[in-house]
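1. Structure for the following, please:
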Amino acid sequence: MKIIIIEDSKKLADFLKKGLENEGYAADCFYNGLSGEKQILLNSEDYDLLILDLMLPDKSGLDICRKIREKNIKVPVIMLTARDSTLDKVTGLDSGADDYLIKPFEFEELLARVRALYRRPNYTFPPELRIKDLVLNPSSRKVFRNNKEITLTLKEFRLLEYMMRNAGITISRDNILDSLWDFDFDSFSNVVDVHMKNLRKKIDGDYKEKLIETIYGIGYRFKND
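-> Below is the predicted model of the structure:
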């Protein structure tokens, strides 16, 4: 899941980004309304969730939310604000926001709201992913092959989940980088290849049938046939 944060408090935005990345999400930060709005309008398909501050100095979160809904961009929106009146909440929700969180808030509450939005019908996935003898459970973050548990780092787990959800499709390194790392990451880095090498060693190991294929010159493919 990739998240865009539009919040003019750099301290809060960077705190949210770090916390979300520690939970395995990828997150991009924008510290003013205009640049954040431009990013979501041009690249909405890259994001699964928008965390949007209501009170931005150059363009309000309400206006941004209305604008993206006018453009039929359906990415879920959690609106952050210090305003706690019923009217303010109603206005925020009527502008197209999916949820409304009052500052100050506990980070764990934000995580719970993120998970709740991800469980909505458009974002509902099977309780576990199963391809051949490999099983991945997104909730417990556990992976088994041939009934033996495999210990993965959080980034390896997210990489495997992304590959399994796109099984049978050749995925470029750039697509993997865009989906699992933030937009500031160096696209010339070999980080994808390093993580993929470690993941293959754990997933395929000494098994006769290899599930992760390298498509030379393009990227990788997870076998499903």
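2. Could you use CA atoms for every contact and neighbour count after this?
-> Noted.
3. looking at this structure, which helix or strand is least sure?
-> Least confident helix or strand of the chain, by mean pLDDT, DSSP states H and E, is helix 86-94 with a mean of 76.
4. who does it touch, helix- and strand-wise?
-> When contacts are defined as 3 or more Cα pairs under 8 Å, 6 or more residues apart in numbering; DSSP states H and E, helix 86-94 sits against strand 99-102.
5. Would you mark the buried spots in the strand it packs on?
-> The neighbour-count check on strand 99-102 (16 or more other Cα atoms under 10 Å) flags D99, Y100, L101 as buried.
6. ok, now how distant is R141 from S60?
-> Distance of R141 to S60, given as Cα to Cα, to the nearest Å: 37 Å.
7. CA atoms of the least confident helix or strand of the chain as CSV?
-> C-alpha atoms of helix 86-94 as CSV (Å, rounded to 0.1, in the frame of the first residue of the first chain):
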residue,chain,number,x,y,z
THR,A,86,-19.8,18.6,14.1
LEU,A,87,-20.2,21.1,11.3
ASP,A,88,-16.5,20.9,10.4
LYS,A,89,-16.7,17.1,10.3
VAL,A,90,-19.8,17.1,8.1
THR,A,91,-18.1,19.6,5.8
GLY,A,92,-15.0,17.5,5.5
LEU,A,93,-17.0,14.3,4.8
ASP,A,94,-19.2,16.1,2.3
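8. Helices along the chain, start to end?
-> Using DSSP state H, the helices found in the chain span residues 10-22, 33-42, 61-70, 86-94, 107-118, 154-165, 173-180, 191-203.
9. picking that back up, ok, the buried residues of strand 99-102 vs R130, which is closest?
-> Of all those, R130 sits closest to D99, with 32.3 Å by Cα to Cα.
10. List the residues that contact the nearest residue to the closest one once chain neighbours are set aside.
-> Leaving aside its chain neighbours, D99 sits nearest to I78 (4.7 Å; criterion: Cα to Cα, 6 or more residues apart in numbering). By Cα atoms under 8 Å, 6 or more residues apart in numbering, the contact list for I78 reads L49, L50, I51, L52, A97, D98, D99, Y100, L101.
11. now I78: how far from R115?
-> From I78 across to R115, the span is 12 Å (Cα to Cα).
12. Mutual contacts of the two, please.
-> With Cα under 8 Å, 6+ apart, I78 and R115 have no common neighbours.
13. From one end of stretch 67-80 to the other, what's the distance?
-> 17 Å.
14. actually stretch 42-60, not the one I typed
-> Stretch 42-60 has an end-to-end distance of 18 Å (Cα to Cα).
15. Residue numbering should commence at 54 henceforth.
-> I'll keep to 54 as the first residue from here, and by that count the last item is stretch 95-113.
16. Off-centre distance for that stretch?
-> 14 Å (Cα atoms, centre = their mean, to the nearest Å).
17. Now that stretch: average pLDDT?
-> For stretch 95-113, the mean pLDDT works out to 90.
18. neighbouring contacts of that stretch?
-> Identification of contacts with stretch 95-113 by Cα under 8 Å, 6+ apart yields 54-61, 85-87, 93, 114-115, 126, 128-134, 231-232.
19. For burial, what's the neighbour tally of K120?
-> K120: 16 surrounding residues under other Cα atoms under 10 Å.
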